[in-house]
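Novice: Generate a structure from the sequence data that follows.
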Amino acid sequence: MLAMAAMVIGNVRASQCGSQAGGATCPNCLCCSRYGWCGSTPEYCGEGCQSQCSSCGGGVTPVTPNPVGGGVSSVISRSLFNQMLLHRNDPGCHARGFYTYDAFVAAAAAFPGFGTTGGTATRKREVAAFLAQTSHETTGEWPTAPNGPTSNYCTPSTQWPCALGKSYYGRGPIQLSHNYNYGQAGRAIGADLLGNPNLVATNPTVSFKTAIWFWMTAQPPKPSSHPVITGQWKPSAADRAAERVPGFGVITNIVNGEIECGHGHDNRVADRIGFYKRYCNIFGIGYGGNLDCYKQSPFA
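Specialist: Numbering: from 1, shown residues only. Next comes the predicted model:
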């Protein structure tokens, strides 16, 4: 059964940075977009970026996306994708035929840094980590909660108002939840997800885009998963004291740390690691260190 709390990014402020937040800058050297949100992709660092649009010398060490060989399709082929997500089209899977390779590649193209940052092994490791986390979250790539919506997941908000009759329960590879997350993700990808949240469960490209948006977008004090897996994230003294150090384990902490991390062995963490190791093995790359979060304190 999916743990719905795992997919909640967190109740966020109205804005994070820039003129919308009193001139605040983003943590971890992230760019501040024209809309006042922190991130590391061209949507944040390109036209209209308000601050830290190139480098600020701390927190995150910027790495230029590698243009050689094109986008994520140069990292994972259709046959490898099918080999990794072996059971996504099984007859008993409610989402059979939904999560296609073409939708994944199209969604990734909207986030140029995803799967294209660093050397070949780093790029493969990012794709492996992303597919590992989403495989666990969906128990094999399922776009909606298996037991149906248990709540409308509507938090009163003037910036992200819930549409009449709409519910914002977990949908998509990362199980996007709550109206404020649908609103943020929708604005980032150019879709009205507040008005039509079911797009995440009915349009495979949109569905993958919401998951990659989550992957690429920091929600302070959490970094985004992208700089962690690509080696750009530099833990603060507080992070090190909490044993949050670079590695796959920190990504699990970002996704569901309040529930799964900091209390010793957890089968859910082990399941994520199992997916990750399998995908790295298929890619023929190493896992890196610090795979679990058993001793890590969750992010505040």
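Novice: Show me where the protein dips below the pLDDT cut-off.
Specialist: 1-15, 19-25, 27-29, 54-70, 140-150 (pLDDT under 70).
Novice: Helices of that one, start to end?
Specialist: 42-45, 78-84, 101-109, 120-138, 179-189, 199-202, 204-216, 225-229, 237-241, 248-260, 267-283 (DSSP state H).
Novice: now these as JSON lines including distance to residue 289?
Specialist: Using the backbone N, CA and C atoms, a C-beta is placed for each residue, glycine as well. Shown next, in JSON lines, are those (distance: least, C-beta to C-beta, whole Å):
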{"stretch": "helix 42-45", "distance to residue 289": "29"}
{"stretch": "helix 78-84", "distance to residue 289": "22"}
{"stretch": "helix 101-109", "distance to residue 289": "26"}
{"stretch": "helix 120-138", "distance to residue 289": "12"}
{"stretch": "helix 179-189", "distance to residue 289": "31"}
{"stretch": "helix 199-202", "distance to residue 289": "34"}
{"stretch": "helix 204-216", "distance to residue 289": "20"}
{"stretch": "helix 225-229", "distance to residue 289": "12"}
{"stretch": "helix 237-241", "distance to residue 289": "14"}
{"stretch": "helix 248-260", "distance to residue 289": "9"}
{"stretch": "helix 267-283", "distance to residue 289": "12"}
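Novice: Kindly reformat the ones you listed as JSON lines containing distance to residue 292 and mean neighbour count.
Specialist: As requested, the helices of the chain are exported to JSON lines (distance: least, C-beta to C-beta, whole Å; neighbours: other C-beta atoms under 10 Å):
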{"stretch": "helix 42-45", "distance to residue 292": "30", "mean neighbour count": "22"}
{"stretch": "helix 78-84", "distance to residue 292": "21", "mean neighbour count": "15"}
{"stretch": "helix 101-109", "distance to residue 292": "27", "mean neighbour count": "19"}
{"stretch": "helix 120-138", "distance to residue 292": "13", "mean neighbour count": "23"}
{"stretch": "helix 179-189", "distance to residue 292": "26", "mean neighbour count": "24"}
{"stretch": "helix 199-202", "distance to residue 292": "29", "mean neighbour count": "21"}
{"stretch": "helix 204-216", "distance to residue 292": "19", "mean neighbour count": "26"}
{"stretch": "helix 225-229", "distance to residue 292": "14", "mean neighbour count": "27"}
{"stretch": "helix 237-241", "distance to residue 292": "16", "mean neighbour count": "12"}
{"stretch": "helix 248-260", "distance to residue 292": "5", "mean neighbour count": "24"}
{"stretch": "helix 267-283", "distance to residue 292": "5", "mean neighbour count": "18"}
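Novice: who are the neighbours in contact with residue 250?
Specialist: By C-beta atoms under 8 Å, 6 or more residues apart in numbering, the contact set of residue 250 is 223, 228, 233, 244, 290, 293, 296.
Novice: Which among the residues you listed count as buried?
Specialist: 223, 228, 233, 244, 293, 296 (16 or more other C-beta atoms under 10 Å).
Novice: now stretch 173-189: how far from the chain's centre is it?
Specialist: 11 Å (C-alpha atoms, centre = their mean, to the nearest Å).
Novice: Could you single out the nearest of the buried ones among the contacts of residue 250 to residue 169?
Specialist: The closest of the buried ones among the contacts of residue 250 to residue 169 turns out to be residue 293 (C-beta to C-beta; 25.3 Å).
Novice: Neighbours of the nearest residue to that closest one once chain neighbours are set aside, how many?
Specialist: Distance criterion C-beta to C-beta, 6 or more residues apart in numbering; nearest residue to residue 293, sequence neighbours excluded, is residue 261 at 3.7 Å. The number of residues packed near residue 261 is 28, by other C-beta atoms under 10 Å.
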